[in-house]
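> Okay, sequence plus prediction incoming.
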Amino acid sequence: MQLIADNVINSTLNQLHREASSQKFTLFKSLSKGIFRPLQPVDFKDAYIAISKGQGQYIYDLLLKRQSKYIVEFGTSFGISTLYLGAAAKKNGGKVITTELLPEKCRVAEQNFEKAGLSDVIEVREGDALQTLRDIPDGIDFLLMDGWNDLYLPLLEILEPKFKKGTLIYTDNASFASAQPYLNYIYANPQKYRSQRLYDEKGGSELSQWIAD
Ligand SMILES: C[S@@+](CC[C@H](N)C(=O)[O-])C[C@H]1O[C@@H](n2cnc3c(N)ncnc32)[C@H](O)[C@@H]1O
C-alpha cells in the first residue's frame with residue numbers, strides 16, 4: 001500500500017484526526033437534537049464525522065493505483081477526506097472538486113487545505129450538492145459520496161451523465177437505512193454498475209464501478 005509521504009500533509013491530517021476522535025461529546029450533543037425532530041446538517045456544524053485513517057489510506061492508495069485525476073466529493077465537512085483526495089490528485093497531476101452545505105465548514109476546510117499545501121488542487125463549492133455539482137465537467141474518475149445519505153440517489157442521477165467507463169464511486173455509511181434506496185438502485189442496474197461492500201464497520205463502505213460506456 002502506498003502511503004502519503006508529504007510531511008506537511010501528514011501532520012495536518014494527524015492533527016485533524018486527533019481532533020475528530022476527541023469529539024465524542026460534540027457528536028452526542030449533535031445526535032441528541034434528533035430526539036424530537038429529524039436531524040439536519042446544521043446539527044453537525046461543529047462535528048467532523050470524518051472517514052477513518054484506514055479509509056483515507058485505502059482511498060489514497062486506490063487513487064494512485066488507478067492514476068485518477070478528476071476527483072469529486074460530496075460532503076467536505078472540515079476536509080479530512082478531501083486531504084487524502086487532494087494528496088492523490090497532486091501526485092497524479094489532477095484536481096478535486098468538493099462540496100459542502102455549511103459556509104463555516106467550507107471556511108475551516110479551506111484553511112486546512114492551505115495549511116497542507118493543497119489549495120491549488122482543491123476547489124471547494126459552497127452550497128447544496130444537488131446544485132453545486134450540476135455543472136461540473138464530464139469524465140469523473142472517482143467520486144466520494146460522504147454527505148447526507150438520502151441525497152445519494154438524487155445526486156447519483158445528476159452525476160451519471162458525467163461518468164465514464166471505469167468511474168469508481170466510494171460510498172461511506174452504506175449500511176445506514178437512509179442509503180438503501182441508493183444501493184437498491186445500484187444493484188437493480190447491473191448493466192450500469194458493478195458493486196461490492198468493502199467494510200461493514202463504522203457505517204459500512206461500498207465501492208461501485210460504472211461499467212457502461
Ligand atoms: C459525513 S460529513 C463529511 C465528512 C468528510 N467527508 C470527511 O470524511 O472528513 C457530511 C457533510 O456533508 C454535508 N452536507 C449535508 N448535506 C449536504 C448537501 N445537500 N450539500 C453539500 N453538503 C452537504 C454536511 O454539512 C457534512 O459536513
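Yep, that arrived. In this text the structure is predicted, and so the values were computed from the model without any measurement.
> hey, let's count contacts and neighbours off CA atoms from now on
Fine.
> Where is the longest strand in this protein?
strand 163-172 (DSSP state E).
> Could you report the neighbour count for residue 147?
22 (other Cα atoms under 10 Å).
> how close does it sit to residue 155?
Distance, residue 147 to residue 155, using Cα to Cα, to the nearest Å: 10 Å.
> which strands and helices sit next to the helix or strand bottoming out on mean pLDDT in the chain?
Using mean pLDDT, DSSP states H and E, helix 24-32 stands out as the lowest-scoring helix or strand of the chain, at a mean of 91. Helices and strands touching helix 24-32, as assessed by 3 or more Cα pairs under 8 Å, 6 or more residues apart in numbering; DSSP states H and E, are absent.
> Around the ligand, pick out the residues from this structure.
Taking Cα under 6 Å from any ligand atom as the measure of proximity, the chain contacts the ligand at 41, 49-51, 75-81, 99-102, 127-129, 146-148.
> Please flag which of these sit within strands.
Filtering the residues of the chain next to the ligand for strands - DSSP E - leaves 99, 100.
> Just the buried residues from the residues of the chain next to the ligand, in ChimeraX please.
The buried residues among the residues of the chain next to the ligand can be selected in ChimeraX (16 or more other Cα atoms under 10 Å) with this line:
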select :49,50,51,75,76,77,78,79,80,81,99,100,101,102,129,146,147,148
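> Output the contacting helices and strands for the helix or strand that the least confident helix or strand of the chain is followed by.
Downstream of helix 24-32, the next assigned helix or strand under DSSP states H and E is helix 53-65. Here helix 53-65 touches helix 80-92, going by 3+ Cα pairs under 8 Å, 6+ apart.
> just to revisit the earlier point, buried residues in the least confident helix or strand of the chain?
26, 27, 30.
> Relative to the whole chain's centre, how far out is the helix or strand residue 181 falls within?
Here residue 181 sits within helix 180-187, counting by DSSP H and E. On the basis of Cα atoms, centre = their mean, to the nearest Å, helix 180-187 sits 18 Å off its chain's mean C-alpha point.
> Send me it as CSV with only the CA atoms.
Only the C-alpha atoms of helix 180-187 are listed here, as CSV (Å, rounded to 0.1, in the frame of the first residue of the first chain):
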residue,chain,number,x,y,z
GLN,A,180,-30.6,1.9,1.0
PRO,A,181,-32.7,3.4,-1.9
TYR,A,182,-29.3,4.4,-3.4
LEU,A,183,-27.8,0.9,-3.1
ASN,A,184,-31.0,-0.7,-4.3
TYR,A,185,-30.8,1.4,-7.4
ILE,A,186,-27.1,0.4,-7.9
TYR,A,187,-27.9,-3.3,-7.5
